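Asks: For reference, the sequence and a predicted model appear below.
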Amino acid sequence: MSPAAELERALHYPLADQLPPPGGVIEVAPGIKWLRIALPFALNHINIWLLRDRVDGRDGWSVVDTCIDRPESRAAWEQIFATALDGLPILRVLVTHMHPDHVGLAHWLCERWSAPGHECRLWMSAADYQTARYACEVVNSFGGERLAEYFRGHGMTGPGDLEQIRARKGYYHGLVPAVPPCYARLMDGADITIDGWSWRCIAGYGHSVEHIALYCEARGILISGDMVLPRISTNVSVYEMEPEADPLTQFLDSIDRFLPLPEDALVLPSHGKPFRGLHTRIGQLHDHHRDRLAEVMQAARQRPVCAYDVLPVLFKRELDLHQTTFALGETVAHLHRLWCGGSLRRARDKQDIWRFEPV
């Protein structure tokens, strides 16, 4: 049995291998429906949660996350509107964080379901809302000259790869063409009432600026967003806007904030299947990053390394350029945890590339 399969066996999947059908839903708990919309990436889907709700005397649904904006995603939502809402409207849109697969269709859903006397409002953390607005409106978001130069400084020197990065100027805007002009703020520790149930906001850091998970203590249900995923490790990256960041330390500290929750809480993740075994999964994630950090240190002991040198150490499969941008950012995050923690030092070499070696 593969190591990945062994890790999966330690978790419990209450729905086994059931998945929502295309354009359909599965009820995972009374008043909570699971839909799954395809993504055109290696990570090929996002989970979206429909929560029965009542706002200002109106019955309907609150939505958690939205998918990217493309015709296929809108078509999938139209099927949901026709078959899964029990004839009720969407009342508000909650977004865990600013990445395109989570916020991309928030503007469309809010516009689609606003009505006289009721505005379908976006609910989101302040930091991720402002970051999404910025990334949507500037030209060189998640691409362009600054990102190409940043990656070159971490060892990506292939002219073809760098030119593709330079040309990818409108990446975020292409998936998130607009963000609602106003929002309601989700804050760490705050409670939001959904259909009479209290859901506590739990902020997390490292994956995005201010990710919000939602926990209903009375029901033992955690909507974990991307902070705790059952099969894959969450992407944690350093990019050009905050080039000295240490997001991996932030992420590992953040997932420990879920440890006071019950081990058997029902976890509703953004990717993968609903599961139980929260503490077990948190331990697996710590083990994963501990092992990857050890591999990075071993590579650095052999010679001063840049992030591009370490990339194949952490990611042993073949990567396309889209995947490489995430993988290189995550490689820098591992190097930075060791650098900020005092195990590595860094300096620029004669080619102006950052190289890391043991202290």
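Replies: The structure has been received and is ready for your questions.
Asks: could you pull out the strands for the stretch 101-250 of the chain?
Replies: Taking DSSP state E, counting those that start in this stretch as the test, the strands found in the stretch 101-250 of the chain are 121-124, 183-185, 191-194, 197-204, 211-216, 221-225.
Asks: Can you list the strands that the second one pairs with?
Replies: Under the criterion DSSP bridges, strand 183-185 sits next to strand 121-124 (parallel) in its sheet.
Asks: Buried residues in the strand or helix carrying Leu35, which are they?
Replies: Under the criterion of DSSP states H and E, Leu35 resides in strand 32-38. Going by neighbour count (16 or more other CB atoms under 10 Å), the buried part of strand 32-38 is Ile32, Lys33, Trp34, Leu35, Arg36, Ile37. Bear in mind the C-beta positions are built from the backbone N, C-alpha and C, glycine included.
Asks: Give the residue spans of the chain that score low on pLDDT.
Replies: Counting by pLDDT under 70, the low-confidence segments of the chain come to 1-2, 4, 139-141.
Asks: returning to what we had before: how about the strands of the stretch 101-250 of the chain, which one is nearest Glu149?
Replies: Nearest to Glu149, of all the strands of the stretch 101-250 of the chain, is strand 211-216, at 27.6 Å by CB to CB.
Asks: hmm, back to that, by how many degrees do the strand holding Leu35 and strand 211-216 diverge?
Replies: Per axes from the mean of the first three to the mean of the last three CA atoms, to 10 degrees, the angle that strand 32-38 makes with strand 211-216 is 150 degrees.
Asks: what about the longest strand in the chain?
Replies: strand 45-55 (DSSP state E).
Asks: Flag every buried residue along it.
Replies: For strand 45-55, burial by neighbour count (16+ other CB under 10 Å) applies to His45, Ile46, Asn47, Ile48, Trp49, Leu50, Leu51, Arg52, Asp53, Val55.
Asks: could you pull out the helices for the stretch 151-300 of the chain?
Replies: All helices of the stretch 151-300 of the chain, identified by DSSP state H, counting those that start in this stretch, fall at 159-167, 171-175, 247-255, 278-302.
Asks: With just CA atoms, put the third one into PDB.
Replies: By that I understand helix 247-255. C-alpha atoms of helix 247-255 as PDB (Å, rounded to 0.1, in the frame of the first residue of the first chain):
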ATOM      1  CA  PRO A 247       4.000  31.800   5.300                       C
ATOM      2  CA  LEU A 248       4.800  28.200   6.100                       C
ATOM      3  CA  THR A 249       5.300  29.100   9.800                       C
ATOM      4  CA  GLN A 250       2.100  31.000   9.700                       C
ATOM      5  CA  PHE A 251       0.300  28.100   8.100                       C
ATOM      6  CA  LEU A 252       1.500  25.500  10.600                       C
ATOM      7  CA  ASP A 253       0.700  27.700  13.500                       C
ATOM      8  CA  SER A 254      -2.800  28.300  12.000                       C
ATOM      9  CA  ILE A 255      -3.800  24.700  11.600                       C
END
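Asks: Counting by contacts, list what that helix packs against.
Replies: strand 197-204, helix 278-302, helix 321-340 (3 or more CB pairs under 8 Å, 6 or more residues apart in numbering; DSSP states H and E).
Asks: One more: the first one?
Replies: Using 3+ CB pairs under 8 Å, 6+ apart as the contact definition, the elements that helix 159-167 packs against are helix 145-152, helix 321-340.
Asks: Quick one, which of the ones you listed gets closest to Pro181.
Replies: Using CB to CB, the helices and strands packed on helix 159-167 put helix 145-152 closest to Pro181, at 26.6 Å.
Asks: Return the residues in contact with Leu43.
Replies: Asp101, Ile232, His271 (CB atoms under 8 Å, 6 or more residues apart in numbering).
Asks: now those residues as a markdown table including distance to Val93?
Replies: Listed next are the contacts of Leu43 as a markdown table, based on distance: CB to CB, whole Å:
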| residue | distance to Val93 |
| --- | --- |
| Asp101 | 14 |
| Ile232 | 25 |
| His271 | 19 |
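Asks: Leu186: which of those is nearest?
Replies: For the contacts of Leu43, the minimum distance to Leu186 (CB to CB) is 18.2 Å, reached by Asp101.
Asks: Put together TSV for the helices of the stretch 151-300 of the chain, with distance to Pro116 and mean neighbour count on each row.
Replies: Formatted as TSV, the helices of the stretch 151-300 of the chain follow (distance: least, CB to CB, whole Å; neighbours: other CB atoms under 10 Å):
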stretch	distance to Pro116	mean neighbour count
helix 159-167	44	14
helix 171-175	31	21
helix 247-255	41	20
helix 278-302	43	16
